[in-house]
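Q: with the sequence up front, the predicted model follows.
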Amino acid sequence: MKIGLLGGGQVGQALFKILYSEKETILNILREPLEIKKILVRDLNKKREIPKDLLTTNPEEIILDPEIPIIVELMGGIEPAYSYIKKALEEKKVVVTANKEVIALYGEELYKIARKNGVDILFEASVGGGIPIIKTIKEAMVIDKVKEIWAILNGTTNYILTKMEEEMKDFDESLKRAQELGYAEPDPSKDISGLDTAYKLSILSSFAYHTTIKPQHMYREGIENITLRDLLYAKELGYKIKLLAISKENNGEIETRVHPTMIPINSPLASIRGVYNAILLKTEKRGDILLYGEGAGPYPTSMALLSDILESAYTLLYSLPRYYSFAYLYPSKIKNYENFLTRYYIRIWVKDQPGVLAQIAKILGENSISISSVIQKETSEKEEKAEIVILTHKTNESSMQKAISEIKKLPILENWGSLIRIEG
């Protein structure tokens with residue numbers, strides 16, 4: 001069976017090598033050879049570890065080739081990837097992709113096109129790199145019900161937070177090191193802002209809750225304002241700070257959010273270091289399930305792609321339909337972020353004078369926010385200001401945002417520090 005690749009970058013080259021090195025194993029599985037017929041690239045002269053006779057700059061050589069029933073999209077980004085995937089499905093090709101942006105934004109539409117044309121679109125590699133999370137939800141959770149998802153889905157931000165905490169580096173220095181090691185893009189804004197994580201959470205939530213969750217529907221906050229001071233306070237208080245993807249389903253209402261979160265140091269997700277990803281599924285019958293592994297990289301991603309390719313090839317060769325319509329089944333009811341209920345960490349610099357804490361406590365109390373504890377450690381006698389850290393009991397987001405806006409107007413406020421949500 002022949003396949004075509006749209007993209008010959010690092011992942012495409014890794015997939016080419018794996019298909020060659022594992023050809024005997026693949027032959028034993030499929031009882032037929034699996035080979036790449038053509039690979040779409042932008043520049044034929046760029047140095048690659050792929051024979052030049054496999055390369056083309058014309059996408060129609062792959063999409064319209066009747067000998068290629070499976071197309072693997074590895075280009076990334078929205079265009080032209082979306083248009084090529086759509087055209088391939090309309091040409092009755094099975095599509096395998098690692099494109100989280102296209103699936104998060106257009107997954108429902110592409111699923112409908114695939115069904116209409118009697119083919120399928122598979123995207124295990126779009127979330128979690130080499131972690132088999134899509135198949136876990138799609139197949140292993142056929143009867144069981146996912147109630148909550150708690151996940152670290154971005155290796156770049158997890159590396160930065162790990163580096164800051166363990167080596168006492170500030171944000172900019174940690175980001176620079178991540179870029180030097182290839183863990184962060186030259187423009188890391190999608191990672192740092194939480195957008196990359198939101199794309200991935202929208203895919204997982206759509207499958208877990210059988211509906212359509214778009215990234216633009218969820219609350220999102222990145223790590224750009226997290227400081228070394230926050231990480232040190234978190235450690236002292238028995239927490240670690242992670243960029244978490246959180247989604248919950250309760251009586252048909254779905255809560256989805258991405259933001260920096262303080263979690264207890266003994267939480268399974270607190271131990272996830274560096275570029276690794278982890279997904280914790282809270283299920284109705286199985287209880288908690290934790291999946292952990294490399295969230296990116298050419299070879300983990302290629303193995304996830306190969307899993308989908310083999311499933312597709314086997315289905316086509318032996319006429320075994322395996323179309324699972326678990327995502328995009330029902331209209332979604334998204335919980336308003338103002339109704340989110342959680343605890344909070346507040347860090348501010350105030351004038352070092354009597355009655356300051358009473359003013360802040362009064363505002364919090366008037367907004368039905370109960371204080372759990374207060375820390376005042378740092379005092380600058382020269383500047384006559386003090387740093388205060390406040391932990392709250394659970395309250396809703398709207399009350400907290402109203403209180404914060406009022407605190408920021410107080411004459412005693414010198415500098416705003418941080419607002420971080422606490423879970424667990």
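A: Yep, it's here.
Q: hey, let's count contacts and neighbours off CA atoms from now on
A: OK.
Q: where does Y345 land in three-state SS?
A: Under the three-state scheme (DSSP: H, G, I helix; E, B strand; the rest coil), Y345 adopts strand.
Q: and what of A245?
A: Classified using three-state DSSP, A245 is strand.
Q: surely it meets A151?
A: Yes - counting by C-alpha atoms under 8 Å, A151 is a contact partner of A245 at 5.0 Å.
Q: ok, T57 to A208 distance?
A: With the distance defined as C-alpha to C-alpha, to the nearest Å, T57 ends up 38 Å from A208.
Q: those two: which is more packed in?
A: A208 (27 against 16; other C-alpha atoms under 10 Å).
Q: pLDDT wise, what is that one at?
A: pLDDT for A208: 92.
Q: and for the one 10 residues further on?
A: Residue-level confidence at M218 comes out at 95, pLDDT.
Q: my guess is it contacts R257. True?
A: Yes - applying C-alpha under 8 Å as the test, M218 and R257 come out as touching, 5.4 Å apart.
Q: which residues do those two both contact?
A: A198 (C-alpha atoms under 8 Å, 6 or more residues apart in numbering).
Q: do a quick rundown of the strands in the stretch 51-200 of the chain.
A: Listed in chain order, the strands of the stretch 51-200 of the chain (DSSP state E, counting those that start in this stretch) span 55-56, 70-73, 94-97, 121-122, 146-152.
Q: mind putting those in TSV, mean pLDDT, mean neighbour count and distance to I412 included?
A: Below are the strands of the stretch 51-200 of the chain laid out as TSV (pLDDT from 0 to 100; neighbours: other C-alpha atoms under 10 Å; distance: least, C-alpha to C-alpha, whole Å):
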stretch	mean pLDDT	mean neighbour count	distance to I412
strand 55-56	97	20	66
strand 70-73	98	27	56
strand 94-97	98	26	54
strand 121-122	95	24	56
strand 146-152	97	22	37
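Q: dump the ones you listed into JSON lines; add distance to I346 as well.
A: Below are those laid out as JSON lines (distance: least, C-alpha to C-alpha, whole Å):
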{"stretch": "strand 55-56", "distance to I346": "55"}
{"stretch": "strand 70-73", "distance to I346": "44"}
{"stretch": "strand 94-97", "distance to I346": "42"}
{"stretch": "strand 121-122", "distance to I346": "43"}
{"stretch": "strand 146-152", "distance to I346": "23"}
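Q: wait, which of these is closest to R286?
A: The closest of those to R286 is strand 146-152. By C-alpha to C-alpha, the value is 9.4 Å.
Q: which residues does the closest residue to G77 other than its chain neighbours contact?
A: Excluding the flanking residues, the one nearest G77 by C-alpha to C-alpha, 6 or more residues apart in numbering is E101, at 6.4 Å. Neighbour list for E101: 76-78, 199 [criterion: C-alpha under 8 Å, 6+ apart].
Q: of those, which is the most crowded?
A: Y199 (26 neighbours).
Q: let's see the pLDDT reported for it.
A: 98.
Q: walk me through the domains of the protein.
A: 2-122, 133-294, 338-422 (automatic domain parsing).
Q: any idea what E35 is bridged to?
A: On the basis of DSSP bridges, E35 is bridged to K2.
Q: now it: how far from D65?
A: Applying C-alpha to C-alpha to E35 and D65 gives a distance of 14 Å.
Q: ditto for Y330
A: In terms of C-alpha to C-alpha, Y330 sits 36 Å off from D65.
Q: counting neighbours, go ahead and name the busier of the two.
A: D65 (16 against 13).
Q: give me the most central residue, the chain.
A: T197 (2.8 Å; C-alpha atoms, centre = their mean).
Q: pretty sure it contacts T256?
A: No - if you go by C-alpha under 8 Å, T197 and T256 don't touch, sitting 11.4 Å apart.
Q: who touches both of these two?
A: When contacts are counted by C-alpha under 8 Å, 6+ apart, T197 and T256 have A245 as shared neighbours.
Q: and the closest residue to A245 other than its chain neighbours, what is it in contact with?
A: Nearest residue to A245, sequence neighbours excluded (C-alpha to C-alpha, 6+ apart): V258, at 4.6 Å. Going by C-alpha under 8 Å, 6+ apart, V258 touches 194, 197-198, 218-222, 243-246.
Q: ok, what's across the strand from V258?
A: Beta-bridge partners, per DSSP bridges, of V258: R220, A245.
Q: over to the one 4 residues further on?
A: Partner residues in beta bridges with M262: I241, I422, with DSSP bridges as the criterion.
Q: over to Y345?
A: Going by DSSP bridges, Y345 forms beta bridges with L391, I420.
Q: what ranges do the strands span in the stretch 201-350 of the chain?
A: Secondary structure of the stretch 201-350 of the chain (DSSP E, counting those that start in this stretch): strands at 219-220, 239-250, 253-264, 276-283, 288-294, 333-334, 341-351.
Q: among these, which gets the worst mean confidence?
A: strand 333-334 (a mean of 92).
Q: ok, residues contacting it?
A: Strand 333-334 is contacted from outside by 217, 252-256, using C-alpha under 8 Å, 6+ apart.
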